[in-house]
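Trainee: 3D model of this:
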Amino acid sequence: MRGVTRAPGPDAPTDDVPLLDDLMPWSVAPLRLGRSWIVAPDRRTLKARWDRLVAAEGAEREALFRPSRARTPASSVAALPGQRTGTVRFARETGPCPEPVRLAYGPFDEQWLLPDHRLIDTARPELWRVADDRQLFAVEQGHVPGAAGPALLVTAALPDGRSPAGRPGRIRPLFRRPGGREPNLAPGLLPLLTARYGHEVAAPDVLAWAVAAALPSPAGCRVPLPEDPAVWAEGVALGRELMAVELRGARGGERPRLPGGRRPYVRAAIPARPERLGYDPEAEVLSLDEGRVSPVPRSAWDFEVGGVRMLEQWFAQRTAAAEPGGLEAIGPAAWPQEWTSELLELITVLALLAGRAPECAALAERAGAAGVGRSALREAGVLPVPDGARRPASVLDHQEEGPEGQFALL
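Mentor: Sure thing, here's the model as predicted:
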């Protein structure tokens, strides 16, 4: 199974189905990292790369740094919100490596990032400002005509917003302020839905519904809103289950597990440096050279986003050859045990999501066949969204360090 492409119900004009942009109006473009060596699948690699860079001087440091138009070792840059990193020009940096942070590196791949603003071309500080233990990020996938897979994903880690096929998506925080305050929803939407469905509707309910029912379109994700309160309740429950799988235990949830007898295990040890990934659909065996993992459902192997198979992309991110001499060439000497654990969990996540895809498609069709369209939202005064709801909220309750140790004014 390569995924299910969802479509609105037959009686619903496509352009009347609300866009996610109508419901969650504040969005941020993907991060632009500028240099690949600041991301790695393990923290030890990033610390080794940092140590190599700060040990170099002059022209060697500049070459290893990989300057761009936005960042060079001489750039003067403020610290990222919430991060304790240096703000002296990197050409003079001699300190220890900052603690790496978890990054949702494209769909279904969590890696580690050096959270240093001097190293990131476009870090989107407004995202870092609201990233905390209450925040969730909805990541809208770039539209690829005819491609299967989910149109919307949720992560608790800071997302880079990358789309596998290179098309830009959007990042939409659930809350506009730290501490889970001020939902990123169109003003008036929650009271409208509460009145229509006969019970209080909260911001996480809207996100859960969107995860279950979102449809891809050239204009962005479309999210049909049902008239029937029973359909809404069913979709919110399904969306919560999908989100729990995608969050992988974050925010107090349980880590995803397949039923007994279907859980993947390592049947033959993964070699130190595997080069090839393969799959035997009859035996349900995933091979990493002579390493063997099974059972691996066909639906997990075939799971795609944007026309790219997720297991193949995950493996390539860890085994692709790097250019010799650069910081990207610094990596583990052998396949780390934690990568095996992450692979088993990824197989589980993909299999569980693939198993619910038909339910999502049916739900979207039922909601779109007789739903609350954009015209109804305009009549209720929810649309058009005020310009202020599309901009970041002001966050004035803390100081941020500017370039060369000066404090920034927000």
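Trainee: Check which helices and strands the biggest helix by length in the chain sits against.
Mentor: Ranked by number of residues, the top helix in the chain under DSSP state H is helix 337-369. Contacts defined by 3 or more C-beta pairs under 8 Å, 6 or more residues apart in numbering; DSSP states H and E place helix 337-369 against helix 203-213, strand 225-226, helix 229-247, strand 265-268, strand 291-294, helix 298-301, helix 310-319. (Each C-beta comes from the backbone N, C-alpha and C, glycine too.)
Trainee: As TSV, the ones you listed with mean neighbour count, distance to residue 196 and mean pLDDT would be great.
Mentor: Output for the helices and strands packed on helix 337-369, formatted as TSV (neighbours: other C-beta atoms under 10 Å; distance: least, C-beta to C-beta, whole Å; pLDDT from 0 to 100):
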stretch	mean neighbour count	distance to residue 196	mean pLDDT
helix 203-213	25	13	98
strand 225-226	26	8	96
helix 229-247	20	7	98
strand 265-268	13	47	98
strand 291-294	18	47	98
helix 298-301	20	35	98
helix 310-319	18	36	97
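Trainee: Distance to residue 192 added to the ones you listed, as JSON lines?
Mentor: Shown next, in JSON lines, are the helices and strands packed on helix 337-369 (distance: least, C-beta to C-beta, whole Å):
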{"stretch": "helix 203-213", "distance to residue 192": "11"}
{"stretch": "strand 225-226", "distance to residue 192": "9"}
{"stretch": "helix 229-247", "distance to residue 192": "12"}
{"stretch": "strand 265-268", "distance to residue 192": "49"}
{"stretch": "strand 291-294", "distance to residue 192": "48"}
{"stretch": "helix 298-301", "distance to residue 192": "37"}
{"stretch": "helix 310-319", "distance to residue 192": "36"}
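Trainee: what's the angle between the longest helix of the chain and helix 310-319?
Mentor: For helix 337-369 against helix 310-319, the angle between stretch directions is 150 degrees (axes from the mean of the first three to the mean of the last three C-alpha atoms, to 10 degrees).
Trainee: just the angle between helix 337-369 and helix 229-247, please?
Mentor: Using the same axes, to 10 degrees: helix 337-369 against helix 229-247 is 160 degrees.
Trainee: average model confidence for helix 337-369?
Mentor: Helix 337-369 comes out with an average pLDDT of 95.
Trainee: Any idea how far the helix or strand just after that helix is from the middle of the chain?
Mentor: Going down the chain from helix 337-369, the next helix or strand is strand 371-372, by DSSP states H and E. Distance of strand 371-372 from the chain centroid (C-alpha atoms, centre = their mean, to the nearest Å) equals 28 Å.
Trainee: neighbours of residue 377, just the number please.
Mentor: With neighbours defined by other C-beta atoms under 10 Å, the count for residue 377 comes to 22.
Trainee: any idea how far it is from residue 168?
Mentor: Per C-beta to C-beta, to the nearest Å, residue 377 is found 26 Å from residue 168.
Trainee: Also residue 204?
Mentor: Going from residue 204 to residue 168 by C-beta to C-beta gives 26 Å.
Trainee: try residue 108
Mentor: The gap separating residue 108 from residue 168 is 18 Å, by C-beta to C-beta.
Trainee: likewise residue 190?
Mentor: Counting by C-beta to C-beta, the separation of residue 190 from residue 168 is 29 Å.
Trainee: I'd guessed residue 127 sits against residue 171; true?
Mentor: Yes - using C-beta atoms under 8 Å, residue 127 is in contact with residue 171, at 6.5 Å.
Trainee: and for the two, which residues touch both?
Mentor: Counting by C-beta atoms under 8 Å, 6 or more residues apart in numbering, the contacts common to residue 127 and residue 171 are 28, 137.
Trainee: Now for residue 190: which residues touch it?
Mentor: By C-beta under 8 Å, 6+ apart, residue 190 lies in contact with 183, 201-203, 206.
Trainee: Could you rerun that using 7 Å?
Mentor: Applying C-beta atoms under 7 Å, 6 or more residues apart in numbering to residue 190 gives the contacts residue 201.
Trainee: Which of the helices or strands spans it?
Mentor: Going by DSSP H and E, residue 190 is in helix 189-197.
Trainee: Any idea what the nearest residue to residue 283 once chain neighbours are set aside is bridged to?
Mentor: Counting by C-beta to C-beta, 6 or more residues apart in numbering, residue 283 lies nearest to residue 294, which is 6.7 Å off, once chain neighbours are set aside. Here residue 294 sits in beta bridges with residue 265, as judged by DSSP bridges.
Trainee: Good, wrapping up.
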